[in-house]
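In: sequence unknown, structure follows:
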């Protein structure tokens, strides 16, 4: 595919010996030492072409396997943009509308949910709790069953009145994708987003297929203990991927191959609340601005993994960081790397999680 070829060709670019490459390497290694991070993979992308892709430290300490650009990590809440992409693909095909009530697709949902729209779910303004009470990482269960455990809970606020992060909302979005597409939402996204983007190393976290180059996750940067196995598939943090696959996705986002320009624009627009005020979140993306520099990004964290995907839209610069330790300050790493490639300091929005 053309996008994939651009990424592969980008890897042969050679940066000056005294340029960003050396500065980034020195900075990353210093941060890894400071934070006791076992393994980290990084990709820097300019206008859809990879200009730097590197692994640092160990993907698996016990087996002595180094981290590389092909190391596979849990990407946690960076996954939200893909759930949002699935919804927008259905919108593009006129199979649903952002103003539809969720009760149109969840026929057993409580009456209190009638005022919740798909837009509310995408932007964390639905009033749903952060986590469904029935969710646990230790048990695999259908998404619909997890969602139903929240039916008896009151909404935290009237839809659209406030902004409050809700992983439950992304469970509901995934269930809507399943209902409308009439196929598992993981398959829908693979067929409609990952495959067209050349993302051959992206899987749902509960895949039964052998995953080459899968990183061992760690918790507690004081002791670096193995992270527990997590059998549950959580739509809000659903996928395994590599920095190279995410770089391929970044290249796709420069085109209309999957999402139209109109869809991307909606996804990267701050949500407007009922009172006319706005919050720095779009559809599966956090959004921010510094002077005239726009950025869209998302961090992700779960036991054994920490991730960030940040796009400086007007600069054509993307920074992707994946690591196998969640007990870390990924905002500091992102700020440091981005400041090497950009001339001014990073906005406070990077501190969000």
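Out: That came through fine. Everything numeric here is computed off the predicted structure, so don't read it as measured data. Residues are numbered from 1 along each chain as shown.
In: the stretch 51-200 of the chain: helices as residue ranges?
Out: For the stretch 51-200 of the chain, the helices defined by DSSP state H, counting those that start in this stretch occupy 80-92, 118-122, 143-148, 167-181, 185-189.
In: tell me where the model's unsure across the stretch 1-150 of the chain.
Out: The model of the stretch 1-150 of the chain has pLDDT under 70 over residues 1-21.
In: count of neighbours near residue 230?
Out: 20 (other Cβ atoms under 10 Å). Quick note: C-beta positions are derived from backbone N, CA and C, even for glycine.
In: give the buried residues for stretch 155-175.
Out: For stretch 155-175, the neighbour count (16 or more other Cβ atoms under 10 Å) marks 155, 159-160, 162-164, 166-175 as buried.
In: now, which of those residues sits nearest residue 202?
Out: Nearest to residue 202 among these is residue 174, at 15.7 Å by Cβ to Cβ.
In: re the thing from before, for the buried residues of stretch 155-175, which one is nearest residue 31?
Out: residue 167 (27.7 Å).
In: okay, that closest one: pLDDT?
Out: pLDDT recorded at residue 167 is 97.
In: that one is in contact with residue 232, isn't it?
Out: No: counting by Cβ atoms under 8 Å, residue 167 stays clear of residue 232, with 11.6 Å between them.
In: overlap of the contact sets of these two?
Out: residue 135 (Cβ atoms under 8 Å, 6 or more residues apart in numbering).
In: tell me which residues touch the residue nearest to the spatial centre of the chain, please.
Out: The centroid of the chain falls nearest to residue 78 when counting by Cα atoms, centre = their mean (1.0 Å). By Cβ under 8 Å, 6+ apart, the contact list for residue 78 reads 239, 241, 246, 298, 299, 300, 307, 308, 309.
In: 10 Å - rerun?
Out: Counting by Cβ atoms under 10 Å, 6 or more residues apart in numbering, residue 78 makes contact with 237-239, 241, 246, 249, 284-285, 297-301, 305-309, 320-322.
In: how far away is residue 53 from residue 100?
Out: Distance of residue 53 to residue 100, computed by Cβ to Cβ, to the nearest Å: 40 Å.
In: now, the contacts of residue 78 that are in strands?
Out: 239, 241, 297-301, 305-309, 320-322 (DSSP state E).
In: now that we have the residues you listed, which one has the most neighbours?
Out: Among the ones in strands among the contacts of residue 78, residue 322 has the most neighbours (other Cβ under 10 Å), with 32 neighbours.
In: which one is it nearest to, not counting chain neighbours?
Out: The shortest distance from residue 322 to any non-neighbouring residue, by Cβ to Cβ, 6 or more residues apart in numbering, is to residue 73 (4.1 Å).
In: the one you found contacts residue 308, correct?
Out: No: assessed by Cβ atoms under 10 Å, residue 73 is found out of contact with residue 308, at 11.5 Å.
In: what's the overlap in contacts for those two?
Out: Common contact partners of residue 73 and residue 308 (Cβ under 10 Å, 6+ apart): 300, 321, 322, 323.
In: what count of nearby residues applies to residue 34?
Out: Quick note: residue 34 (other Cβ under 10 Å) scores 12 neighbours.
In: gap between it and residue 281?
Out: Distance of residue 34 to residue 281, given as Cβ to Cβ: 30 Å.
In: residues contacting residue 27?
Out: So residue 27 contacts 20, 332, 333, 336, 337, 339, 340 (Cβ under 10 Å, 6+ apart).
In: specify the local secondary structure of it.
Out: What DSSP: H, G, I helix; E, B strand; the rest coil gives for residue 27 is helix.
In: measure it to residue 44 for me?
Out: Separation of residue 27 from residue 44 (Cβ to Cβ) stands at 12 Å.
In: residues contacting the closest residue to residue 273 other than its chain neighbours?
Out: In this structure, residue 273 finds its nearest non-sequential neighbour in residue 160, 6.0 Å apart by Cβ to Cβ, 6+ apart. Residues near residue 160 by Cβ under 10 Å, 6+ apart: 115-117, 119-120, 123, 125-127, 271-275.
In: could you do residue 177 as well?
Out: Taking Cβ under 10 Å, 6+ apart, one finds 83, 85-87, 89-90, 95-96, 105, 183-186, 188-189, 192, 235 in contact with residue 177.
In: could I have the buried ones of these as PyMOL selection syntax?
Out: This is the PyMOL syntax for the buried subset of the contacts of residue 177, where burial follows 16+ other Cβ under 10 Å:
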select buried, resi 83+85+86+87+89+90+96+105+185+186+188+189+192+235
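In: was I right to think residue 214 contacts residue 71?
Out: Yes: the criterion here is Cβ under 10 Å, and residue 214 meets it with residue 71 at 7.9 Å.
In: overlap in contacts of the two?
Out: Both residue 214 and residue 71 are in contact with 59, 60, 65, 201, 324, where contact means Cβ under 10 Å, 6+ apart.
In: what is the burial count for the first one?
Out: Okay, so that is residue 59. Neighbourhood size, residue 59 [other Cβ under 10 Å]: 26.
In: do the same with the second one
Out: As a burial measure, the neighbour count of residue 60 was computed by other Cβ under 10 Å and equals 20.
In: leaving aside the residues next to it on the chain, what's closest to it?
Out: Residue 60's closest residue in space is residue 216 (Cβ to Cβ, 6+ apart), at 4.2 Å.
In: that neighbour: what's it in contact with?
Out: Contacts of residue 216 (Cβ under 10 Å, 6+ apart): 38-39, 58-63, 65, 226-227, 304, 324.
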